[in-house]
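J.: A predicted structure for the sequence below; I have some questions about it.
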Amino acid sequence: MGHFMASVLPMTKFRIPGFGSRLFSLNPGPFNMKEHVLISIFANAGSAFGNGSAYAVGIVTIIKAFYHRNISFLASWILIITTQHTWWLPKSKFGSVSVAENAALMRLDGAIQVLGYGWAGLLRSYVVEPAHMWWPSTLVQVSLFRALHERDEQRMSRAKFFVIALICSFSWYVVPGYLFTTLTSISWVCWAFSNSVTAQQVGSGMRGLGLGALTLDWSVVASFLFSPLISPFFAIVNVFAGYALIIYVVMPMAYWGLDMYGARKFPIFSSHLFTNQGQRYNISAIVNYKFQLDLPKYKEQGQINLSVFFALTYGFGFATIASTLTHVGLFYGREIYQRFRASYKDKEDIHTRLMRKYKDIPSWWFYLLLGVTVAVSLLLCIFLNNQVQMPWWGLLFASAIAFMFTLPISIITATTNQTPGLNIITEYIMGVILPGRPIANVCFKTYGYMSMTQAISFLSDFKLGHYMKIPPRSMFLVQLIGTVIAGTINLAVGWWLLESIENICQDDLLPPDSPWTCPGDRVFFDASVIWGLVGPKRIFGTLGNYSSMNWFFLGGALGPVIVWLLHKAFPKQSWIPLINLPVLLGATGAMPPATPLNYNAWIIVGTIFNFFIFRYRKKWWQRYNYILSAALDAGVAFMGVLLYFSLGMESKTLTWWGTNGEHCDLATCPTAKGILVDGCPAN
């Protein structure tokens with residue numbers, strides 16, 4: 001497209017009023033690689049709101065699809081255009097929420113994006129300039145740009161390889177994506193033991209432990225942990241170790257051996273919330289007209305219960321957060337200190353020295369962004385407190401947490417391609433301070449977590465620009481504009497899906513192979529209930545069932561100390577510093593909504609490419625590995641869009657054995673005696 005536009009657009013130069021004597025042209029010359037990179041970063045800034053959209057649009061989803069409230073699209077669209085990005089609280093069956101409230105909440109999300117820019121700008125020298133902060137995911141883009149723009153005299157050029165792989169990926173995805181959807185989860189144990197609850201709990205890839213479960217669907221392989229072709233092998237080993245420990249050692253002991261927290265009353269793998277009798281918890285019944293916890297109704301229905309896996313997920317999440325600080329402090333603390341003291345100038349790599357030729361982004365740009373954003377957000381918290389529920393000090397506290405964690409988590413991401421989550425700790429803190437207020441909890445989490453996530457995404461783009469020698473100021477402008485436009489697009493697409501798909505996110509009303517069950521939004525909704533509405537004191541505190549999970553904080557903090565001491569005691573053992581406990585302990589951090597099936601496939605594919613092919617066909621790996629990753633992703637994306645617009649919108653489905661899910665219907669059944677659930681055998 002770039003080359004086509006360069007050949008057809010007029011090269012006539014003209015002036016624009018207000019820009020003085022400067023000349024402009026629709027065709028500045030031949031389309032080049034740097035323009036292509038900036039275009040991709042423009043799109044990536046929108047999809048990095050990509051990471052953000054799961055929260056911004058996720059809030060819309062849980063309120064419309066789970067809390068069953070409504071708001072007009074026109075009001076939402078006008079507000080998102082004027083405030084950059086979207087949060088909204090629709091009109092409910094309990095009462096109306098004013099336009100001012102919606103505007104206030106939407107301004108919060110716009111402010112969060114700018115906070116992310118601010119953090120990223122202040123930390124570039126720590127995680128962009130060092131050569132060993134290599135950001136594996138950016139290498140895929142670097143390889144693709146080079147393949148598309150550099151002349152290649154080889155018989156099988158990288159550009160040709162990319163096109164062939166893309167066509168193959170595009171063509172194949174119609175099989176698991178439409179014709180034979182059971183190939184998405186080949187849970188053969190369930191097929192062999194169709195009447196056994198225990199066997200299906202063990203063998204289900206989607207709702208059990210996934211023993212032996214495989215997939216022939218690339219979207220499943222790369223959906224939660226990103227492409228396994230770009231993760232370094234030591235990170236894959238850490239993920240495998242953590243995954244195997246939790247799923248195949250801890251879980252069987254907790255569920256069948258110890259019946260921990262009454263585990264057998266509930267499904268072995270679920271993100272739903274339950275009553276003490278194994279039934280789904282009625283969340284709507286405990287929400288009052290102020291969108292706060294109705295305590296008498298809560299006491300009437302009883303305590304909220306989690307599946308044992310969901311509870312352990314939070315425990316290991318606590319450990320991951322604690323281990324991140326300890327690990328980075330022990331293994332990278334000296335370097336961070338030296339860079340803070342500006343004593344690393346003599347260790348600049350070739351990329352950093354070349355980038356010095358461009359005008360850098362002045363630090364005051366980032367300080368100004370931070371200052372204005374914090375000031376405006378403080379005004380919102382002070383003067384519109386009844387709408388956002390969060391006090392002014394909550395904003396400052398959340399910002400401090402985000403800034404404290406952005407650097408260590410960026411370092412983990414830059415070296416392993418895995419990003420430990422900060423959402424749990426922010427939810428926990430605000431839930432303890434202000435229980436019963438889900439909006440305050442969501443605001444605090446988004447300020448604390450999403451500003452950090454945005455910063456990491458922007459830092460990744462800065463690293464791509466670092467590799468490709470993009471002027472930093474051009475990078476800044478493109479990221480900013482891309483993020484603004486993305487807000488509108490995310491709102492439009494999210495709203496369209498919520499309005500056009502019947503029973504969206506209602507998994508009990510959808511067919512088993514439906515792609516619209518919203519597993520991520522289900523987890524987000526449950527988290528809003530656990531941390532914001534009910535509060536951690538009634539879940540993980542003295543009034544809850546899961547207080548012992550708090551010990552994971554201590555274990556996570558001490559773990560890296562042991563690894564560091566072993567490294568000092570045995571410095572010649574090069575494998576010891578490759579033990580990355582934030583990655584290992586956070587291995588299952590994406591579960592749920594990720595499932596064992598995602599991990600099985602990711603680990604197997606990653607091991608094949610980044611161990612066997614890397615070791616025995618290294619030249620092929622160096623030439624084609626990252627290109628293949630990009631092609632597989634692109635092929636699935638194109639076919640996915642085509643399938644939806646050509647078949648999904650018209651509800652044209654196939655009905656046969658191969659489109660009826662993974663055939664593990666008993667995997668969600670409890671195994672405790674006396675617990676009766678529809679569709680499950682009595683125990």
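T.: Done, it's in.
J.: looking at this protein, which helix or strand does the model trust least?
T.: Least confident helix or strand of the chain, by mean pLDDT, DSSP states H and E, is helix 73-83 with a mean of 38.
J.: packing partners of the helix or strand containing V442?
T.: Assigned by DSSP states H and E, V442 belongs to helix 438-445. Here helix 438-445 touches helix 99-127, helix 385-388, helix 392-416, helix 423-433, going by 3 or more CB pairs under 8 Å, 6 or more residues apart in numbering; DSSP states H and E. In this view, the C-beta of every residue, glycine as well, is placed from N, C-alpha and C.
J.: try it again at 7 Å.
T.: Judged by 3 or more CB pairs under 7 Å, 6 or more residues apart in numbering; DSSP states H and E, helix 438-445 is in contact with helix 423-433.
J.: state the mean pLDDT of the helix it packs on.
T.: In this model, helix 423-433 has an average pLDDT of 85.
J.: with stretch 628-645 instead?
T.: 88.
J.: buried set for it?
T.: Across stretch 628-645, burial judged by 16 or more other CB atoms under 10 Å covers 628-636, 639-640, 642-643.
J.: low-confidence ranges, the stretch 551-683 of the chain, go.
T.: Residues of the stretch 551-683 of the chain meeting the criterion pLDDT under 70: 648-651.
J.: the same query, at a cut-off of 90, please.
T.: In the predicted model, the stretch 551-683 of the chain carries pLDDT under 90 at residues 568-595, 618-619, 621-624, 626-627, 629-630, 633-634, 637-638, 640-665, 667-668, 670-683.
J.: would you map the strands across it?
T.: Using DSSP state E, counting those that start in this stretch, the stretch 551-683 of the chain contains no strands.
J.: give me the contacts around stretch 559-566.
T.: Residues external to stretch 559-566 that are found in contact with it (CB atoms under 7 Å, 6 or more residues apart in numbering): 323, 326-327, 330-331, 576, 579, 581.
J.: just the residues you listed now: which is nearest L306?
T.: The shortest gap between L306 and any of the contacts of stretch 559-566 belongs to S323, at 22.5 Å (CB to CB).
J.: pretty sure the closest one is touching L581, no?
T.: Yes. If you go by CB atoms under 7 Å, S323 and L581 touch, sitting 4.5 Å apart.
J.: those two - which one has more neighbours?
T.: S323 (30 against 24; other CB atoms under 10 Å).
J.: redo the buried residues of stretch 628-645 as a markdown table? Include distance to W392.
T.: Output for those, formatted as a markdown table (distance: CB to CB, whole Å):
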| residue | distance to W392 |
| --- | --- |
| L628 | 51 |
| S629 | 45 |
| A630 | 45 |
| A631 | 50 |
| L632 | 48 |
| D633 | 43 |
| A634 | 46 |
| G635 | 49 |
| V636 | 45 |
| M639 | 49 |
| G640 | 44 |
| L642 | 49 |
| L643 | 48 |
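J.: take those residues and keep only those in helices.
T.: Those of the buried residues of stretch 628-645 mapping onto helices are 628-636, 639-640, 642-643, per DSSP state H.
J.: what about I246, how many neighbours?
T.: 22.
J.: give the contact list for the closest residue to it other than its chain neighbours.
T.: Nearest residue to I246, sequence neighbours excluded (CB to CB, 6 or more residues apart in numbering): T588, at 5.1 Å. Going by CB under 7 Å, 6+ apart, T588 touches 242-243, 246, 313, 316.
J.: for T588, give its distance to G606.
T.: T588 is 16 Å from G606, where distance means CB to CB, to the nearest Å.
J.: what of F170?
T.: According to CB to CB, F170 and G606 sit 23 Å apart.
J.: same question for L245.
T.: Look at L245 and G606: by CB to CB, they are 18 Å apart.
J.: the two: which is more packed in?
T.: G606 (24 against 16).
J.: quick check: that one touching P228?
T.: Yes. With contacts counted by CB under 7 Å, G606 reaches P228, the gap being 3.2 Å.
J.: what segments of the stretch 1-150 of the chain are strands?
T.: 13-14, 24-25.
J.: in TSV: the ones you listed, plus distance to L369 and mean pLDDT.
T.: Shown next, in TSV, are the strands of the stretch 1-150 of the chain (distance: least, CB to CB, whole Å; pLDDT from 0 to 100):
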stretch	distance to L369	mean pLDDT
strand 13-14	33	82
strand 24-25	27	82
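J.: okay, those in JSON lines with distance to F476 next?
T.: What follows is the strands of the stretch 1-150 of the chain, written out as JSON lines (distance: least, CB to CB, whole Å):
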{"stretch": "strand 13-14", "distance to F476": "26"}
{"stretch": "strand 24-25", "distance to F476": "21"}
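J.: make a markdown table from the ones you listed and add distance to N282 and mean neighbour count to it.
T.: Converted to a markdown table, those look like this (distance: least, CB to CB, whole Å; neighbours: other CB atoms under 10 Å):
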| stretch | distance to N282 | mean neighbour count |
| --- | --- | --- |
| strand 13-14 | 64 | 10 |
| strand 24-25 | 61 | 12 |
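J.: and for the residue nearest to Q506 when sequence neighbours are not counted, the neighbour number?
T.: Among residues not flanking Q506 along the chain, A65 sits closest, at 7.1 Å (CB to CB, 6+ apart). With neighbours defined by other CB under 10 Å, the count for A65 comes to 21.
J.: now V249
T.: Neighbours of V249 using other CB under 10 Å come to 10.
J.: doesn't it lie inside a strand?
T.: No. Counting by DSSP: H, G, I helix; E, B strand; the rest coil, V249 falls outside a strand, being helix.
J.: any idea how far the closest residue to P577 other than its chain neighbours lies from I489?
T.: Using CB to CB, 6+ apart and skipping the chain neighbours, the partner closest in space to P577 is H567 (5.1 Å). Applying CB to CB, the value for H567 to I489 is 47 Å.
J.: pick out whichever of the two has more residues nearby.
T.: Neighbour totals were compared for H567 and I489, and H567 leads with 18 against 13 (other CB under 10 Å).
J.: quick check: what element follows the helix or strand I456 falls within along the chain?
T.: Per DSSP H and E, I456 falls inside helix 451-468. Sequence order places helix 472-500 as the next helix or strand after helix 451-468, per DSSP H and E.
J.: just want the angle from that next one to helix 451-468.
T.: On the basis of axes from the mean of the first three to the mean of the last three CA atoms, to 10 degrees, helix 472-500 is oriented at 130 degrees to helix 451-468.
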